[in-house]
Every structure is written in structure tokens, then in C-alpha cells.
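Chemist: Quick one: sequence plus predicted model below, questions after.
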Amino acid sequence: MQPPEFLNSKPPPNYVAGLGRGATGFTTRSDIGPARAIPDRSAPAGPIGRGRGKCCDDQVDEEKGYNANQKFDEFEGNDAGLFASTEYDIDDVEADTVWEAVDQRNLPRKNRKVATRKEEIIAKPMITELFSDLKKKLYTLSTMDWDSIPEVGGDYSVRNKRKRFQSFVPVPDSLLEKAMHEKQRVSALDPKMTWGQTPVPDLTAVGEGRGTVLSMKMDRLSDSVSGLTVVDPKGYLTDLKSMKITSDAEVSDINKARLLLKSVTQTNPKHPHGWIAAARLEEVAGKGQVAQQLIKKGCEECPKSEDVWLEACRLASHVDAKAVIARGVKAIPNSVKLWMQAAKLEQDDGNKSRVLRKGLEHIPDSVRLWKAVVELGSEEEAKFLLQRAVECCPLHVELWLALARLETYESAKKVLNKAREKLPKEPAIWITAAKLEEANGNTKMVGKILERGIRALQRDGVEIDREMWMKEAEASERAGSVATCQAIIHNTIEVGVEEEDRKRTWVADAEECKKRGSIETARAIYAHALTLFLTKKSIWLKAAQLEKSHGTRESLDALLRKAVTYIPHAEVLWLMGAKEKWFAGDVPSARAILQEAYAAIPNSEEIWLAAFKLEFENHEPERARMLLAKARERGATERVWMKSAIVERELGNTTEERRLLDEGLKLCPSFFKLWLMLGQLEERLGNLVKAKEKYELGLKHCSSCTPLWLSLAHLEEKVNGLSKARAVLTMARKKNPHNPELWLAAVRAEARHGYKKEADILMAKALQECPTSGILWAASIDMVPRPQQKTNSRDAYKRCGDDPHVLTAVGKIFWHDRKVDKARSWFNRAVTLSPDIGDFWALYYKFELQHGNEDTQKDVLNRCVAAEPKHGEKWQAIHKAVENSHQPTEVILMKVVVAIGREEHSAENGKN
């Protein structure tokens, strides 16, 4: 079968087989063939002189239109041979036509760019093009001409600098050793030394000297700011006024700087700072005359620069300075700086005022000149000048306010009204008007003026900034205008505050004002808050605390009276009022307040106990007994039974005391203080067996009560010895784990009997079980030897942080080391963190008695009395003793100090 004819015919252009059926044409290497025909090895060799397969290769190359040995085409490269076999069809003709049209279209644009570039070169030629004709003539220069060309920059090009500073040569050891030997001092002459030789310089000393000179130079050129060295950005010459040239290196630097600044002033003579720098350079170099000449030339070149004239005035003598500044103000009559400098040169106030007034003729709107001339005049002259000043500068509120302060009341009101017309958006005018009314006794008008002013400012589009107005209120308070301060707070405190945030925001504002010392502002904020929150006890208490610390007794009493009117069931307000009356010495008034409190809160335990305390502390035991009897009839609590027993103990009625304690324990068996008082009563009477029974019975009801365990252990140690006390404390620790006080009692019991090793073991176990207990760490610091105390204190501080017991222990270490300031700081931190612990106050006061002065001792004593401490191991033992029941705080403090000293003395005797 014969193949179809179309298989032998040539396919049409761009033909892809199967394209109509959706096939995609692709080309493989088998379709293209190898890049170069492989010669046939089996073909016979050709004539001599021809390579193998030459005839076949030539034939194939001729068929393909490509010859591998053909010449390289300069335009098309090797691609000419690659596409030589293709036909130049219609598509190629169309493509060439399109590209030729594109080239023709872009030709004018290209020609325009070339022409524009030529014009730019002609208009702004480059330096190389400017000197191109001169470069061509350089071959005509002789050797002498070349040598006569000066060196402009010296040997400081970028390349030479890089070479200079990047090449380092190590110093040989022999040179260093020789320098070291030369630096040594000898007491005998070397016989081998040859006299008459030139001595070798000490290179080490030379290096140190150069380093010193460099550091001194850098110190002069720099300024220390916050620990950083900052070079003056305006130029290193500005701070060299006192520099003295002492070395050749500095002379060289001056010469180079002089050459540089000369170039600056010659190339740009209208640059004023170049002349100023050049003049200051000569001043540093000690050539004052040359500096004056330079700055004079600078004034001629830059007559409109006030900096140049000011520098010329500074460099000139006092006599010539006036002439210089006169030429300056003549050249620049509108320069405020020059007129101020001209006035400064005058010695007499009259001449200064005359110069400033002359300046105001040229610059009538200069506020700075007006202020200066007003300060020099008398009150009448100042008033006249300010009247003229507000006409020339009507938009400066400071001038209006200054004029209003100098005028009378009626005239000042007119001035402020005019100022308000000129400056309707200035709040300072309204505040000044309010202060004016307050100063003249019209306090009722103060609030109206500020209210009207705020409305007017809001109409004019002024945003009422609450923080700014509060600052104005504080400023008014400092100026003595209390009514203005209160009116500002009343009218602006609510601006920008949401209704639900009012209480929190206002209380925070008042506390911040209180910290800044603005007491009247804080009082005004609380007063406004209390008009809206009449039943908020917290705000009444804050206001009462403010009055207590910064007000008078009368103001505090009035505030508390008002508070209990709105909140009659607030116990704390009644008690605060009664306490203040009591401290003021007015006991009848305190009784009256408490009677009113009875009527308002008839079943309040706090009121009953406060009344009892008032009578008991004022040595009225019968009144106190009657009050407590009434309280017990109305359903007494455990505290009432305890206070009743305390009264009987004070009076010495042991039978009645035992009866009250027994009755109280029947009603309140879980109140440990009653069991403790009953056991202590039996101990005082010598009934140690009964005391033990009471303690044990109390522990059955209150097994977690640490004071009961400690009392029982102390009793067992006193009666039966250490073994029984040890057993009690062990049982206590089992029932109350992680209790540092029980561990500390066990450690102290072992130490009291001389078992130091057992005490150390117990302390180690205690710190393992209670690693963050400050009282245990403080005891461990006291137990270790002195060299280990600092290490233990460091560990204790890491574990416990700012625990007051640890702080006190560290303070004692510094105290023993005679580091007074550090010890005082640590004691102060301890009493600040825990002012209720009296032992810390006693240690602090004992320290001040030894190392402080009268002022520090009085300060600690007053702070302790104000804190009213109630706790502390030694403090409670002395404070609750029967003989000290009515003693004041200062007496208890002194007794605790004596007890601490006695304990320290016995501890030192035990060590010795």
C-alpha cells in the first residue's frame, strides 16, 4: 500500500499535527537532531589533506545552510549560522516592518535627549570638562612649575588616612625591656656606661604623657551629660575659650583649622558662622587683635546677621562694644537681641531704659523689650508703659494681667474687660478676675465669674481641659486665693468624667493633690464629692483623715458631725469623733458623742467597748465596770467577758476575775484568750498544777492556738525541766505544722539550756519546713558567728524579701559594724513596713540613743507614739503587765529598750 501524497509534501507554516482535535504540539530532540552531525566512521577516507567525512560534512552543512568554520558575524554573532536555514517568510517581513517603524518613531526622542544633554553640559559643565583644555596644556609645564604648586590638604587624603591608621607595627620586646630599665631608679653608677653618649628617651613616659595630653584635650572639647561624653555639635571651637597652646601638635591643629576656615570665608564670605568660627579660633590661639579684625570683616560682609554683631560685641572691649552694637542696631534695627545686648552694656538703669525705649520705637510689638523696660521703671512708670504695651501688643495676655495687677480695683476690672474683648479665648483673664474679686472681699462673685467664664469659653469653642484647670486651682491655692481654687474645682471637676467613674476618679485626684501639698484643692474635691455621695462612708473617712492630718480639731469635729448626720449607723465615724474629743482632753464631750452613738446603734459592741476604754483609761474603773455589766446583760460577746476580767484584774479582785472567766468560757469555750487569762491567773496565784490543767483544757478546745502551746511549754520547762517542754513543743508542731513560732520556741529552749548543737539542728529543720519565715531567718542570723552573719543575711533577704524581722536583723549587723547610715536606713524600712510591732521601734530608738542626735531621737519617739504599736514579743509582755496598764506609749518604749539592753548584756556574758 502506497503512503498518502501529503506525507511527502511540505506542511503549511505554523502547522501542528492534531491541533483541531485539541492536541498540543511539542518538539523533541529527535525532531531537531543533534547539534552537530556525527561523522560516519564507516565512510571511506577522502583524498590526502582533507579530514574524515569532509565531503559528507560539507554536503550536510550546505544543505542546512550552516558551516561550522564560517566567519563570526559581528552583528548577529553565531546566531547567523543558526537561523541561516530558515526561510524569510511573510511573518518575518511583517516583524521587520514593525520594528523599523518603532525605531523611526523613537528617533526624534533620542535626538532630543542627546541635544538636551549637550545643552546641560554647556550650561552646567562638570569640573573635569571645565579644566579639560587646561589639562591638555599640562605637558608644557616645566619641573620648576610642578614643584611650585602648593599642597592644599596636606597628607590627609582618604587613602593616606586609611594607610596611616591601618598599619600597625608591633613593638619589639627589647625596646620595652630597655624602657623598663630606664624607668627604674638606681643608687649606683654603672662602670660599663660610656660617658658622653646621648641619653635614650623614656618611651613609656612619652606614651603616658601623650595619653594624658589627649585626655585633657578631650575633656576640654566635651561635656558630661548623664554619664555620657557629648561633643559640642556647634563646633569644637565654641568651648575652647580657656585653652592654652602648649605643644607643637596643637599648633599644627590650629594652623590646619585656620587654613580650613580661611577657605570657608573666602569661598562663601556671606556665611556668618564661618567668620564667627574663624574669630574664635584666633581667640583660642591668643591672637585677640586678629580675632577682632576678622569679626569686623565679618560684620562688613554679613551686616544683616545679628550673630556676627553679637560676637563682635563680645570680642570688643567694653568701650568699643557700645560702638559696635550701635553699628549693629543701625544695620539691623529690628533685632531684639541686639537691643537687649545694647541695654546690657549700659551700667545705669536710666540709660538701659533709654536704650530699650529706643528699641521699642523700631520694634513696638516686641513683648521681650516691653517686659525689660517695665522691670526697670517704677510703679507709676510701669503702669504707663503697660498701658502703651497693651496697645502695641494686644494679643499678649501677660501684659494685660500685669497691668491689671498695678491698677486699682475699678480700673483693673476695666482692664480685664478690655482684655476679654481682645482675647475671648484666654481662660487666665477670667481666673485673674476671680482672684481680683476675692482679694477685694467679694467671695460671692468668685463662683459666678468662673461659671460665666467657662460658659463663655465653651461658646467660643474652647475645650475645657480638666487637668489644666486643676493645675490652675493649685496655683491659685499657692497664691492664697482659696475661694478661687474652690470655685475652679466646683465648676470643672465633673468635666470629662463618666458618671460611674466619678467616685474613683475624684478620690484619686484628691489623694494626688494631697501628695503634692495642695490641701485646699483636695479639700475642695472632697467637699464637691460629698455633695453628690452623701451616704458613701469611704469618702467621709478620706475627708476626715485629711482634716485630721492637715486641718484643725474644730474642722474635723464639724465634718464628723455632718457625717454622722447622713450616716448614723457608721460606727467608725462616731468612734473617731469621740476619740478626737478624748485626745483633746474633752472627756465629757467624748462621753456625749458615745451616748448619741448608743441611741443610733444600741447593740453595737464597738460602741460599748469604746465607752469602756474611755472610762478605764481615764481611771474610772467603777464606770467601766457598770458599762460592761450592762453590755453583758444585753448579750455579751467574748470580748466583753475578756474586758470585764481585765477590769477585775486591774482592781485585784481575783475571785471575781475567776468567776467572770468561768462564765465566759461556758458561753464562749472556743475563745482562747479566756483560757490563756485563766491559766495566767492560776500562775500568778502559784497554782501551777491548776494552771497546767487550764492550759491543757484550753488546748482541747483550741488545738491550733499557738500562745496556749507556748504558755504550756514554758510552764512545763519551769516545773518539770526541758524534757517535758520538749515533748509539749513536739506535740504542738505535729498538730500545727509549718508554724515558725513553735519552731523558734523549741530552738530557744535548747539554747537556754546550753544545747547549741541541738539548737542548730532544730533551726536547720525549721528553715526547711518554713523557708520563708522572717522570724526564723532573723533568729538564725543572731545564732551564727559574726563572720557568717552577712552570708546568712544575704540568704535571708533572698528568701523573705522585705520582711521586717530580716530588715531589723540586717540593721543590727550594720549597727555592730559601726555603719550608722546603713543601719538607720534598714531600721527605718522595718518600722515603715510594720509600724504595729513595738520591738522594732524599741531597737530603732535604742540605736538613735547611741548614734543619733536629739532631733533623730525625737523624730523616732514621735513616730512611735503616732503609730501606737500593739504587738511584738517584748512589747506585749511589758505593755500587758498589770503595773503598766495605764502607761503611755513613750514609757512603754523606754521600758522595752531597757529590757532589750538587759537581754543583750546577759547574752554577751553567756558567750564569755
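Modeler: Alright, I've got the coordinates. Residues are numbered from 1 along each chain as shown.

Chemist: for the stretch 801-912 of the chain, what spans make up the helices?
Modeler: For the stretch 801-912 of the chain, the helices defined by DSSP state H, counting those that start in this stretch cover 804-816, 820-833, 838-851, 854-867, 873-879, 889-911.

Chemist: what's the closest of the ones you listed to residue 674?
Modeler: Taking C-beta to C-beta, helix 873-879 is the member of these nearest to residue 674, at 17.2 Å. Quick note: C-beta positions are derived from backbone N, CA and C, even for glycine.

Chemist: CA atoms only for stretch 753-765 - export them in PDB, please.
Modeler: The C-alpha coordinates for stretch 753-765 follow below in PDB (Å, rounded to 0.1, in the frame of the first residue of the first chain):
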ATOM      1  CA  HIS A 753      20.000  25.100 128.500                       C
ATOM      2  CA  GLY A 754      23.300  25.200 126.600                       C
ATOM      3  CA  TYR A 755      22.500  22.600 123.900                       C
ATOM      4  CA  LYS A 756      23.800  24.600 121.000                       C
ATOM      5  CA  LYS A 757      24.300  21.700 118.600                       C
ATOM      6  CA  GLU A 758      20.600  20.600 119.100                       C
ATOM      7  CA  ALA A 759      19.500  24.200 118.700                       C
ATOM      8  CA  ASP A 760      21.400  24.400 115.300                       C
ATOM      9  CA  ILE A 761      19.800  21.100 114.200                       C
ATOM     10  CA  LEU A 762      16.400  22.300 115.100                       C
ATOM     11  CA  MET A 763      17.000  25.600 113.300                       C
ATOM     12  CA  ALA A 764      18.000  23.800 110.100                       C
ATOM     13  CA  LYS A 765      14.900  21.700 110.200                       C
END
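
Chemist: ok, and what's touching it?
Modeler: Contacts of stretch 753-765 from elsewhere in the structure, counted by C-beta atoms under 8 Å, 6 or more residues apart in numbering, are 722, 743, 746, 747, 748, 750, 751, 776, 779, 780, 783.

Chemist: and residue 728, which of the helices of the stretch 801-912 of the chain is closest to it?
Modeler: Using C-beta to C-beta, the nearest of the helices of the stretch 801-912 of the chain to residue 728 is helix 873-879, at 18.9 Å.

Chemist: Just confirm residue 781 is within a helix.
Modeler: Yes: assessed with DSSP: H, G, I helix; E, B strand; the rest coil, residue 781 lies in a helix.

Chemist: And residue 438, how far from residue 477?
Modeler: 12 Å (C-beta to C-beta, to the nearest Å).

Chemist: These two - which one has more neighbours?
Modeler: Taking neighbours as other C-beta atoms under 10 Å, residue 438 and residue 477 compare with residue 477 leading, 24 against 21.

Chemist: Distance from the chain centre to the strand or helix carrying that one, please.
Modeler: Under the criterion of DSSP states H and E, residue 477 resides in helix 466-478. Offset of helix 466-478 from its chain centre (C-alpha atoms, centre = their mean, to the nearest Å): 25 Å.

Chemist: Contacts for it, please.
Modeler: Identification of contacts with helix 466-478 by C-beta under 8 Å, 6+ apart yields 427, 431, 435, 482, 484-485, 488-489, 492-493, 495-497, 509, 513, 516, 518-521, 524.

Chemist: C-terminal to that helix, what's the next element?
Modeler: Using DSSP H and E, the helix or strand that follows helix 466-478 towards the C-terminus is helix 482-492.

Chemist: In terms of secondary structure, what does that following helix contact?
Modeler: helix 427-439, helix 443-459, helix 466-478, helix 519-532 (3 or more C-beta pairs under 8 Å, 6 or more residues apart in numbering; DSSP states H and E).

Chemist: Now that helix - C-alpha only, PDB.
Modeler: Taking C-alpha atoms only, helix 482-492 is exported to PDB below (Å, rounded to 0.1, in the frame of the first residue of the first chain):
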ATOM      1  CA  VAL A 482      -8.600  79.700  98.300                       C
ATOM      2  CA  ALA A 483     -12.100  80.800  97.200                       C
ATOM      3  CA  THR A 484     -10.900  80.900  93.500                       C
ATOM      4  CA  CYS A 485      -9.400  77.400  94.000                       C
ATOM      5  CA  GLN A 486     -12.700  76.100  95.300                       C
ATOM      6  CA  ALA A 487     -14.700  77.700  92.600                       C
ATOM      7  CA  ILE A 488     -12.500  76.300  89.900                       C
ATOM      8  CA  ILE A 489     -12.800  72.800  91.300                       C
ATOM      9  CA  HIS A 490     -16.600  73.100  91.700                       C
ATOM     10  CA  ASN A 491     -17.100  74.200  88.100                       C
ATOM     11  CA  THR A 492     -14.600  71.900  86.300                       C
END
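
Chemist: now the angle between helix 427-439 and that helix, please.
Modeler: With axes from the mean of the first three to the mean of the last three C-alpha atoms, to 10 degrees as the basis, helix 482-492 and helix 427-439 are set at 130 degrees to each other.

Chemist: now helix 482-492 against helix 519-532, angle please.
Modeler: Going by the same axes, to 10 degrees, helix 482-492 makes 40 degrees with helix 519-532.

Chemist: tell me the average confidence for helix 482-492?
Modeler: Averaging pLDDT along helix 482-492 gives 91.

Chemist: which residues are contacting the helix or strand following that helix?
Modeler: On the C-terminal side of helix 482-492, the closest following helix or strand by DSSP H and E is helix 502-515. Contacts to helix 502-515, defined as C-beta under 8 Å, 6+ apart, come from residues 470, 474, 493-494, 497, 519, 521-522, 525-526, 528-529, 532-533, 536, 538-539, 542, 546, 550.

Chemist: If any of these are buried, put those into a PyMOL selection.
Modeler: PyMOL command restricting the contacts of helix 502-515 to the buried ones, with burial defined by 16 or more other C-beta atoms under 10 Å:
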select buried, resi 470+474+493+519+521+522+525+526+528+529+533+536+539+542+546
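
Chemist: Check the gap between residue 582 and residue 611 for me.
Modeler: Relative to residue 611, and taking C-beta to C-beta, residue 582 is found at 11 Å.

Chemist: With residue 301 instead?
Modeler: 95 Å.

Chemist: more crowded one of these two?
Modeler: The neighbour count for residue 301 versus residue 611, taken as other C-beta under 10 Å, is higher for residue 611 (25 against 17).

Chemist: And the pLDDT at the more buried one?
Modeler: Reported pLDDT for residue 611: 85.

Chemist: how about low-confidence regions in this structure?
Modeler: Where the chain drops to pLDDT under 70, the residues are 1-3, 6-7, 18-86, 127, 130, 150-251, 909-912.

Chemist: What count of nearby residues applies to residue 463?
Modeler: Neighbours of residue 463 (other C-beta under 10 Å): 9.

Chemist: show me the contacts for the residue nearest to residue 353 when sequence neighbours are not counted.
Modeler: Distances taken as C-beta to C-beta, 6 or more residues apart in numbering put residue 376 closest to residue 353, at 4.7 Å, once the chain neighbours are dropped. Listed by C-beta under 8 Å, 6+ apart, the contact set of residue 376 reads 349, 352, 353, 356.

Chemist: most neighbours, which of these?
Modeler: residue 356 (26 neighbours).

Chemist: so that one, which of the three states?
Modeler: Following three-state DSSP, we place residue 356 in the helix state.

Chemist: Give me the distance between the lengthiest helix in the chain and the centre of its chain.
Modeler: Looking across the chain with DSSP state H, the single longest helix is helix 90-123. Counting by C-alpha atoms, centre = their mean, helix 90-123 is centred 67 Å from the centre of its parent chain.
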